[in-house]
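K.L.:
Return a 3D structure for these sequence lines:
(one chain, ligands or ions: 1)
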Amino acid sequence: MIHKHDLLIVGAGLAGLRAGVETSKYHDVAILSKLFPTRSHSGAAQGGIAAALGNEEHDTVEWHIFDSVKGSDYLGDQDAITMMCSEAPDAIYELEHMGVPFSRTKDGKIAQRQFGGHTKEVKDEQGNIKRLPVIRACYAADRTGHVLLHTLYEQCVKNNVRFYSEYFVLSLIIRDGVCRGLTAFNLRDGQIHTFHAKAVMFGTGGYGRAFRVTSNAYANSGDGVAIAFRAGIPLEDMEFVQFHPTGLYPLGILVTEGARGEGGYLKNRNGDRFMKEYAPTVMELAPRDMVTRSIQTEINEGRGIDGKDFVNLDLTHIGAAKLKERLPEITGFAKTYAGIDPVKQPIPILPTAHYSMGGIPVTLKGEVLADEKGNTVTGFYAAGECACVSVHGANRLGTNSLLDAVIHGRRTGKTLVEFLRTAELSPMPEDAEDNDKKIFADLYDTKKGENCDKIRVRLKEEMMNKCGVFRNEKDLNSMLDTIHELKSMYKNVAMMDKSKVFNTEMQEIFELRNLLEFSDAIVTGALARQECRGAHWRTDHPTRDDVNWLKHSIAFKTEKGIELKYKPVIITKYQPQERKY
Ligand SMILES: Cc1cc2nc3c(=O)[nH]c(=O)nc-3n(C[C@H](O)[C@H](O)[C@H](O)COP(=O)(O)OP(=O)(O)OC[C@H]3O[C@@H](n4cnc5c(N)ncnc54)[C@H](O)[C@@H]3O)c2cc1C
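P.N.:
Residues are numbered from 1 along each chain as shown. You can find the predicted model right below:
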């Protein structure tokens, strides 16, 4: 079955919907999503979205830029960061006018809270400049992503966007450097459909599901990143995976950084607020990479609670009324999943795989890059967590990613409005569906073979242990061997469920193919990068090395395996300094 639209957006998270709002005023737009739109992971975002509004105290865009550059461990491109932080206030007011129900200050302005790594400049008594936490994250209780997602979905419905929900995208169709559309299967009846369009945009989200402990939804299997990679698109900075400091023990369900923003303490088995040893000025509000390593060090050195692999997040001094008003969701999570009442007891937490800094390389306008030299792929665009602009560099600051998704969703939307005014529909190749149809037929034919769950469980377990918070050459080499072994096992994967209707086993088999694909790029990048920068920490190369490694890695899929090339970081104003808080 063939469908035709001007524009296909894959992904109904914040990035996809924001681009949908922008483009649907002028063009015929379809949004495909493997989930019902409002179930996208953006809806799970709790803590907030950054913008230097200065509603609670004095703040400036320049401080936001500086914090994001420093937070990125100087790997973020400064032109992109400057653009994102400068456009943030306007983008927030625009969301407010669309109807987002933000929490309010006493005088009715958008309420804000503190988040790690976001700072203001203050002078101490001697006149020296210090940087202390600033109140910058706009929020709606601890349901910020939920309200943003619902508002943008309503706007898309209002603009008559055509939604194809529960369609699982399989392949991009790119011929002669021009993107012509894609193939997808409809989960409801297992049929393959071809979508033909003048342009395709990916807003397919992140890839935390490659790790055993993760805050990410089941759907975050990095499909878009892997589909692009298979279609010949390179991937940028894949080795940078953020581990959030506070996942609820043992599964890793997120406890928002907003809990520390509201004054929460981290304590080890001795009851010490151990962050004073690692980041004396900002303590619990240091950036995520640092807090995560501090927690992992406490655990590794036996100071986890009762010697186990978790520490405590203590909110008991905050009081029941404030917790109910500001953090109702995580209070509920702690009760449901850990049997803990945060009003009376500390919450057991451990680091959890959370955010993908790397992804599909794009220009500031959302055009997908074909190589490290700046050439683009005609008709293919990406925004949000699946894309790498790069505004987060080696480590993202909390609340900068909802912002990234909204800002780049909007920018990419604007680029597409112009592109579609003159773009023509390129012919669809006749064999567009052939490869996917063959894979389908083979899966329905399998009688016995490898078990999908078994491969996935092993991948996630080993990625956590060998390519997690702390990394070294021996473990990474061993991880690469595992991935190659699992990839060859995958070739014989068997599908036992032969039904056509909502065949979730089939979906999991396709997701596993994607997990294996991009995990290879993560580990290859991590092995090559012999330094510590942001979230990438090599115990065998324990310092940042600006001479050799102040550069973005670009991974290409070739016949012989993954090949790495590099491109320079764009530095406009802030020269790299030692990163202390
Ligand atoms: C628990 C949690 C809390 C967070 N809290 C915050 C926060 O407070 N502040 C902040 O700034 N950031 C936060 N983040 C990060 C932030 O939420 C995400 O980076 C951002 O929402 C990603 O938006 P997105 O539009 O790129 O992707 P998503 O919202 O993840 O959407 C991806 C979309 O792609 C679709 N899709 C994927 N693969 C396919 C396929 N094969 N076929 C069809 N459709 C597909 C999905 O159906 C979905 O609609 C949080 C993340 C998590 C996991």
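K.L.:
Tabulate the CA atom coordinates of the host helix or strand of residue 92 in PDB.
P.N.:
Assigned by DSSP states H and E, residue 92 belongs to helix 78-98. Output in PDB follows, covering the C-alpha atoms of helix 78-98 (Å, rounded to 0.1, in the frame of the first residue of the first chain):
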ATOM      1  CA  GLN A  78      29.100  27.100  20.600                       C
ATOM      2  CA  ASP A  79      27.200  28.500  17.600                       C
ATOM      3  CA  ALA A  80      24.400  25.900  18.200                       C
ATOM      4  CA  ILE A  81      24.400  26.500  22.000                       C
ATOM      5  CA  THR A  82      24.200  30.200  21.500                       C
ATOM      6  CA  MET A  83      21.300  29.900  19.200                       C
ATOM      7  CA  MET A  84      19.400  27.500  21.400                       C
ATOM      8  CA  CYS A  85      19.800  29.500  24.600                       C
ATOM      9  CA  SER A  86      19.000  32.800  22.900                       C
ATOM     10  CA  GLU A  87      15.800  31.400  21.300                       C
ATOM     11  CA  ALA A  88      14.700  29.700  24.500                       C
ATOM     12  CA  PRO A  89      12.700  32.500  26.200                       C
ATOM     13  CA  ASP A  90      10.600  33.200  23.100                       C
ATOM     14  CA  ALA A  91      10.000  29.500  22.500                       C
ATOM     15  CA  ILE A  92       8.700  29.100  26.100                       C
ATOM     16  CA  TYR A  93       6.300  32.100  25.800                       C
ATOM     17  CA  GLU A  94       5.100  30.600  22.500                       C
ATOM     18  CA  LEU A  95       4.300  27.300  24.300                       C
ATOM     19  CA  GLU A  96       2.600  29.200  27.100                       C
ATOM     20  CA  HIS A  97       0.400  30.900  24.400                       C
ATOM     21  CA  MET A  98      -0.400  27.500  22.900                       C
END
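K.L.:
who touches residue 437 in this structure?
P.N.:
Counting by CB atoms under 8 Å, 6 or more residues apart in numbering, residue 437 touches residue 192. In this view, the C-beta of every residue, glycine as well, is placed from N, C-alpha and C.
K.L.:
Going forward, the N-terminal residue is numbered 39.
P.N.:
Sure, I'll start counting at 39 from here, so that last one is residue 475.
K.L.:
Please report the distance of it from residue 230.
P.N.:
6 Å (CB to CB, to the nearest Å).
K.L.:
for the helix holding residue 130, which positions count as buried?
P.N.:
Burial within helix 116-136, assessed by neighbour count using 16 or more other CB atoms under 10 Å, is assigned to 116, 118-123, 125-127, 129-130, 133.
K.L.:
Quick one: the helices in the stretch 139-288 of the chain, in order.
P.N.:
Using DSSP state H, counting those that start in this stretch, the helices of the stretch 139-288 of the chain run over residues 182-196, 261-268.
K.L.:
Any idea how far the longest one is from the middle of the chain?
P.N.:
In terms of CA atoms, centre = their mean, to the nearest Å, the centre of helix 182-196 is set 19 Å apart from its chain centre.
K.L.:
quick revisit: would you mind saying which of the helices of the stretch 139-288 of the chain lies nearest the ligand?
P.N.:
Ranking the helices of the stretch 139-288 of the chain by proximity to the ligand (CB to the nearest ligand atom) places helix 261-268 first, at 3.4 Å.
K.L.:
where's residue 429 relative to the ligand, distance?
P.N.:
From residue 429 over to the ligand the distance is 11 Å, taken as CB to the nearest ligand atom, to the nearest Å.
K.L.:
How about the contacts made by that residue?
P.N.:
Going by CB under 8 Å, 6+ apart, residue 429 touches 106, 110, 114, 115, 118, 119, 122, 438, 442.
K.L.:
Helix, strand, or coil at it?
P.N.:
Assigned with DSSP: H, G, I helix; E, B strand; the rest coil, residue 429 falls in the coil class.
K.L.:
Thanks again, I'm all set now.
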